[in-house]
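Asks: Need coordinates for the following:
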Amino acid sequence: MTTEAAFIAALRALAPHPAARGLADDCAVLDFGSETLVATHDMMVEGVHWLRGQDLADVAWKLVATNLSDLAAKGAEPVGVLLGYTLGQDNTRFLVGLDEALDAFGVTLLGGDTVRGLAGGQALGLTALGRATCQPVPARDGAQIGDRVWITGPVGAAMLGFEALRDDKAGVDTTAFRRPTPRLAAGRALAPLVSAMMDVSDGLLLDAQRLAQASKVTIALDSAAIPVPANLPSDRLRDALGWGDDYELLFTLPAHLQPPTLAYAIGVVTEQGVAPLLLDGAPPHGKLGFEHASATA
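Replies: Presented below is the predicted three-dimensional model:
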């Protein structure tokens, strides 16, 4: 059992509660009195999710933003976060970025845990709690044949930002990688209308395939319709589609509906075929996105 997908598949036997949504969604969704609680937890690891030596203020911001992006995919209103923190060399800068992110997104810190780390880099975790703003709460498994596929913004800017930071390249905007913006307002506006929705974190192709598999359909994407940054080289489109860290919302709508927020139509939902995902009429080759694997893989 060496891959993220295989480990999650094994965990499903331990998560029978309906709130877990079969561990196949962005969040857990739990009815709690008169409210519906939406909860998510994401981790970040030094050297995997951020570059060694990167400003920890940016790391703190991204830790908050990536978790809130999961809430955005449910149309949820954030309530607060719980922090799991491994002490490092620059805890003060982390606190600066955490304060900036919580203030920017109107979220409060509710608690968490702090530990001493060992050699090998920091590992950070955050649990974000939110309140559902509509019923039913959007899921990945509702896409219907004939729906159109949409995305709220371009893919590829985070990839270019990462490469610029890694290579110490001047003149490239690195904000998309360092300080992404969760599409919270767009998620709340879309939630009552969409048939399925998720955020794009591991690569558009991989996440579109996940949505298709959850919905038991095929998603056909048109590469020419997918928005990308103006400075993306023409030969890097396929890289951008599989890189990830974009944190846009990917969603499906009935064909007669238009989204109430800025979005781009990038494909259609068709009957389930031999492949869950088509790119320009054919199954895409190569790596579709980012997936974790164990050190022995």
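Asks: now the strands for the stretch 1-150 of the chain?
Replies: Ranges of strands in the stretch 1-150 of the chain, per DSSP state E, counting those that start in this stretch, are 28-32, 35-45, 77-87, 108-116, 123-131, 148-151.
Asks: In CSV, list the ones you listed along with mean neighbour count and mean pLDDT.
Replies: Any C-beta I mention is one placed from the backbone N, CA and C, and that applies to glycine too. Below are the strands of the stretch 1-150 of the chain laid out as CSV (neighbours: other C-beta atoms under 10 Å; pLDDT from 0 to 100):
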stretch, mean neighbour count, mean pLDDT
strand 28-32, 16, 89
strand 35-45, 19, 93
strand 77-87, 18, 95
strand 108-116, 11, 93
strand 123-131, 21, 95
strand 148-151, 23, 98
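Asks: Compare the ones you listed and report which one is nearest to residue 175.
Replies: Among these, the nearest to residue 175 by C-beta to C-beta is strand 35-45 (17.4 Å).
Asks: now the angle from the closest one to strand 77-87?
Replies: Taking axes from the mean of the first three to the mean of the last three C-alpha atoms, to 10 degrees, one finds strand 35-45 and strand 77-87 inclined to each other by 30 degrees.
Asks: just the helices in the stretch 51-200 of the chain please.
Replies: 56-72, 91-105, 157-166, 175-178, 184-190 (DSSP state H, counting those that start in this stretch).
Asks: got CSV for those helices, with mean pLDDT, distance to residue 269 and mean neighbour count too?
Replies: Output for the helices of the stretch 51-200 of the chain, formatted as CSV (pLDDT from 0 to 100; distance: least, C-beta to C-beta, whole Å; neighbours: other C-beta atoms under 10 Å):
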stretch, mean pLDDT, distance to residue 269, mean neighbour count
helix 56-72, 97, 21, 26
helix 91-105, 96, 31, 16
helix 157-166, 96, 26, 20
helix 175-178, 96, 28, 20
helix 184-190, 98, 16, 20
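Asks: Dump those helices into CSV; add distance to residue 281 as well.
Replies: Below are the helices of the stretch 51-200 of the chain laid out as CSV (distance: least, C-beta to C-beta, whole Å):
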stretch, distance to residue 281
helix 56-72, 30
helix 91-105, 40
helix 157-166, 25
helix 175-178, 29
helix 184-190, 28
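Asks: Quick one: closest of these to residue 133.
Replies: helix 184-190 (5.2 Å).
Asks: just checking, what packs against the closest one?
Replies: Using 3 or more C-beta pairs under 8 Å, 6 or more residues apart in numbering; DSSP states H and E as the contact test, the elements touching helix 184-190 are helix 56-72, strand 77-87, strand 249-253.
Asks: elements contacting the first one?
Replies: If I follow you right, that is helix 56-72. Using 3+ C-beta pairs under 8 Å, 6+ apart as the contact test, the elements touching helix 56-72 are strand 35-45, strand 77-87, helix 91-105, strand 123-131, helix 175-178, helix 184-190, strand 196-199.
Asks: how about TSV for the ones you listed, with distance to residue 213 added?
Replies: Output for the helices and strands packed on helix 56-72, formatted as TSV (distance: least, C-beta to C-beta, whole Å):
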stretch	distance to residue 213
strand 35-45	20
strand 77-87	28
helix 91-105	31
strand 123-131	25
helix 175-178	27
helix 184-190	21
strand 196-199	11
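Asks: just checking, residue 94 touches residue 87?
Replies: No: with contact defined as C-beta atoms under 8 Å, residue 94 and residue 87 do not form a contacting pair (9.5 Å).
Asks: Next, work out how far apart the residue nearest to residue 169 when sequence neighbours are not counted and residue 55 are.
Replies: For residue 169, ignoring the flanking residues on the chain, the nearest one in space by C-beta to C-beta, 6 or more residues apart in numbering is residue 163 at 7.1 Å. Distance, residue 163 to residue 55, by C-beta to C-beta, to the nearest Å: 17 Å.
Asks: same question, residue 7
Replies: 31 Å.
Asks: Of the two, give the one with the bigger neighbour count.
Replies: Between residue 7 and residue 55, counting by other C-beta atoms under 10 Å, residue 55 is the more crowded of the two (17 against 13).
Asks: Now do the more buried one, the pLDDT please.
Replies: Looking at residue 55, its pLDDT is 92.
Asks: Give the closest residue to it in space, chain neighbours not counted.
Replies: Closest to residue 55 by C-beta to C-beta, 6+ apart is residue 93, at 6.1 Å.
Asks: Please name the residues that touch that neighbour.
Replies: 55, 56, 57, 60 (C-beta atoms under 8 Å, 6 or more residues apart in numbering).
Asks: I'm done for today, thanks for sticking with me.
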